[in-house]
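K.L.:
Predicted model follows, preceded by the sequence.
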Amino acid sequence: MSTHIKNGAHFAKTVLMPGDPLRAKFIAENYLVEYEEVSSVRGILAFTGKTKTGQEISIMASGMGVPSIGIYSYELYKEYGVENIIRIGTCGAYQPECKVGDVILVTSASSNSSFGSQFDIRGGSISPCSDFHLLLKAYEHAKKLDIPVHVGPIYSSDIFYDQDPNFYKKWADLGVLGVEMESYGLFLNAMRLKKKALCILTVSDSFVSKEELTQEERQTKLNKMFELALTMVD
Ligand code: HPA
């Protein structure tokens, strides 16, 4: 019984999770065979099918922000037998070497979100991170596919339109590669429920160069991330 996903929907053990429901649909339509839509509650589309090499996989949107991915990842892990959630999203780059279109494998997520406060760890702070084995596998598959990757920490922010346009420099000075809005919640749910999570990002805009992917580029440049993510299912 789940509140935000269709009851009885069938999910594969591994779910790829873009933020945008239409991106989930795009991936299902272009990369899966024998797939069906298994949930569309609140427009959050979910599909289960097979990769072209025959492995069962699901694709489901997370919506935007930690609260949204916090809800969907919790229900998938807890109620639908899902073991691995691989977020496939976009980020803003904080470092000059991370160019638009580049792929980042996320090691850990820092955040200004209050999501972790539920754990009441006496003022301590938890460091949510990708599962090591998923991360290693993604790194090795990226090498095989000849996809260059940056590997490192990111910042999951609750704020997209920041009052202070230079605030990012504090995180950049600490070596954080870029900013998105979901990984922190996903990683914490995986840790809490003893499941696995990974985040793969494509740089869609740069705080350093001020460049951003055009609408058309978004479609084409994201493909290599999708292809890499689809190799993650055994
Ligand atoms: N900020 C937050 N999330 C993002 C960004 C950004 O600049 N780009 C893509 N996701």
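P.N.:
Nice, thanks for sending it over. Note that the coordinates shown come from a computational prediction; the quantities given were computed from them, not determined experimentally.

K.L.:
So which residues on the protein come close to the ligand?
P.N.:
Residues of the chain found near the ligand (Cβ under 6 Å from any ligand atom) are 90-92, 157, 160, 179-181, 204-205. All C-beta spots, glycine's among them, are computed from the backbone N, C-alpha and C.

K.L.:
Just the residues you listed: which are in helices?
P.N.:
Judged by DSSP state H, helices contain none of the residues of the chain next to the ligand.

K.L.:
Count the neighbours of Ile27 for me.
P.N.:
Using other Cβ atoms under 10 Å, Ile27 is surrounded by 22 other residues.

K.L.:
Ignore what I typed, I meant Glu97.
P.N.:
A count of nearby residues for Glu97, using other Cβ under 10 Å, gives 9.

K.L.:
what about it, distance to Ser204?
P.N.:
Per Cβ to Cβ, to the nearest Å, Glu97 is found 16 Å from Ser204.

K.L.:
Would you double-check that Ala172 falls in a helix?
P.N.:
Yes - applying DSSP: H, G, I helix; E, B strand; the rest coil, one finds Ala172 inside a helix.

K.L.:
Tell me which two of the residues of the chain next to the ligand sit farthest apart.
P.N.:
With Cβ to Cβ as the measure, no two of the residues of the chain next to the ligand lie farther apart than Ser157 and Ser204, at 14.4 Å.

K.L.:
quick one: Ile104 and Gln95 touch, right?
P.N.:
No - assessed by Cβ atoms under 8 Å, Ile104 is found out of contact with Gln95, at 9.8 Å.

K.L.:
Name the residue of the chain that lies nearest to the ligand.
P.N.:
Distances between the chain and the ligand by Cβ to the nearest ligand atom are smallest at Gly92, namely 2.6 Å.

K.L.:
Share the number of residues neighbouring that residue, please.
P.N.:
For Gly92, the count of nearby residues is 23 (other Cβ under 10 Å).

K.L.:
about what we covered before: just the ones in strands from the residues of the chain next to the ligand, please.
P.N.:
Among the residues of the chain next to the ligand, the ones falling in strands (DSSP state E) are 90-92, 179-180, 204-205.

K.L.:
Which helix or strand contains the most centrally placed residue in the chain?
P.N.:
Central residue of the chain (Cα atoms, centre = their mean): Arg87, 2.1 Å from the mean position. Per DSSP states H and E, Arg87 falls inside strand 84-93.

K.L.:
Centre of the chain to whichever helix or strand comes after that strand, how far?
P.N.:
Using DSSP H and E, the helix or strand that directly follows strand 84-93 along the chain is strand 103-111. Relative to the centre of its chain, strand 103-111 is centred 9 Å away, using Cα atoms, centre = their mean, to the nearest Å.

K.L.:
Now do strand 103-111 against strand 84-93, angle only.
P.N.:
In terms of direction (axes from the mean of the first three to the mean of the last three Cα atoms, to 10 degrees), strand 103-111 departs from strand 84-93 by 90 degrees.

K.L.:
residue boundaries of the helices in the protein?
P.N.:
In the chain, the segments counted as helices under DSSP H are 21-31, 66-79, 132-144, 168-173, 183-193, 215-221, 223-230.

K.L.:
can you put those helices in TSV and add mean pLDDT?
P.N.:
Putting the helices of the chain into TSV (pLDDT from 0 to 100) gives the following:
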stretch	mean pLDDT
helix 21-31	97
helix 66-79	98
helix 132-144	98
helix 168-173	98
helix 183-193	98
helix 215-221	83
helix 223-230	97
